[in-house]
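Peer 1: Sequence plus predicted model, see below.
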Amino acid sequence: MKTIDTISLSDHLDQQVTGLVTCWIIERQDGEIYRFTDATENLTVDGDVYSSVGAYKRTAIETTSTLSVDNLDVVGIAGDLSLPEQDLRNGLFDNARISVFMSAWSEAVPGKVRLRRGFFGEVQTLPNGTFQVELRGLMQRLSYNYLDMFSASCLYDLGEPACGVIIKPD
């Protein structure tokens, strides 16, 4: 169950008709922050301005109760108003942190419903000026090997660099 951080947003969601938008915060490894919304115009949430970029589409956000990795794909147009194409090509968005939340379309109703957190996975830029990004959930981090594995038998062949035993000195 998602947590709603203000009572006014909770009351807004209880109405028969609501106006909701999805907002994205992208923070690159170098500290550069991008904020986007799927609203038809720029939106201010908690004092931060989210740029209206309608030139993207995403897959559905799915949450499971298992330990499976949650992924989300986003396809959009790269450019000055969205994610810079050259920065995408240069790998500046690799492992960028992302937070996706839902908010009311009206700035008069404060609050957020946090939908997903994670990081950029595979980033592809296409010749037609579009990009495709795989957004990986936090469970993806658990599948990485951060340490070397040790066992009774050696994992490496004798003499290879990872072995550590030098057969022929240089």
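Peer 2: Thanks, I have the structure now.
Peer 1: right, and the helix or strand after the longest strand along the chain?
Peer 2: With secondary structure taken from DSSP state E, the chain has its longest strand at strand 113-125. Later in the chain than strand 113-125, the nearest helix or strand by DSSP states H and E is strand 130-137.
Peer 1: what's that following strand in contact with?
Peer 2: If you take C-beta atoms under 8 Å, 6 or more residues apart in numbering as the criterion, strand 130-137 is touched by 69-78, 83, 85, 88, 93, 98, 100, 116-126. No exception for glycine: its C-beta is placed from N, CA and C like everyone else's.
Peer 1: Next: stretch 38-53.
Peer 2: Outside stretch 38-53, the residues within contact range by C-beta under 8 Å, 6+ apart are 21-25, 34-37, 54, 56, 76, 81-82, 103, 105, 107, 110, 112.
Peer 1: Check stretch 163-170 too.
Peer 2: 154, 156, 157, 158, 159.
Peer 1: pLDDT weak spots in this structure?
Peer 2: For the chain, applying pLDDT under 70 flags the ranges 1-15, 54-71, 107-109, 138-151, 169-170.
Peer 1: quick one, helices of it?
Peer 2: 7-14, 85-89 (DSSP state H).
Peer 1: What about the contacts of stretch 38-53, which are in strands?
Peer 2: Judged by DSSP E, the contacts of stretch 38-53 include 21, 22, 23, 24, 25, 34, 35, 36, 37, 56, 76, 103 as members of strands.
Peer 1: farthest pair in those residues?
Peer 2: 76 and 103 (20.0 Å; C-beta to C-beta).
Peer 1: So those two - more neighbours on which side?
Peer 2: Ranked by neighbour count (other C-beta atoms under 10 Å), residue 76 and residue 103 place residue 103 first, with 24 against 19.
Peer 1: Please list only the buried members of the contacts of strand 130-137.
Peer 2: 69-72, 74, 76-78, 83, 85, 88, 93, 98, 100, 116, 118-121, 123, 125 (16 or more other C-beta atoms under 10 Å).
Peer 1: Pull the number of nearby residues for residue 29.
Peer 2: Neighbours of residue 29 using other C-beta under 10 Å come to 14.
Peer 1: Roughly how far does the nearest residue to residue 118 once chain neighbours are set aside sit from residue 126?
Peer 2: Computed as C-beta to C-beta, 6 or more residues apart in numbering, the closest residue to residue 118 that is not its neighbour in sequence is residue 137, at 4.6 Å. Distance, residue 137 to residue 126, using C-beta to C-beta, to the nearest Å: 25 Å.
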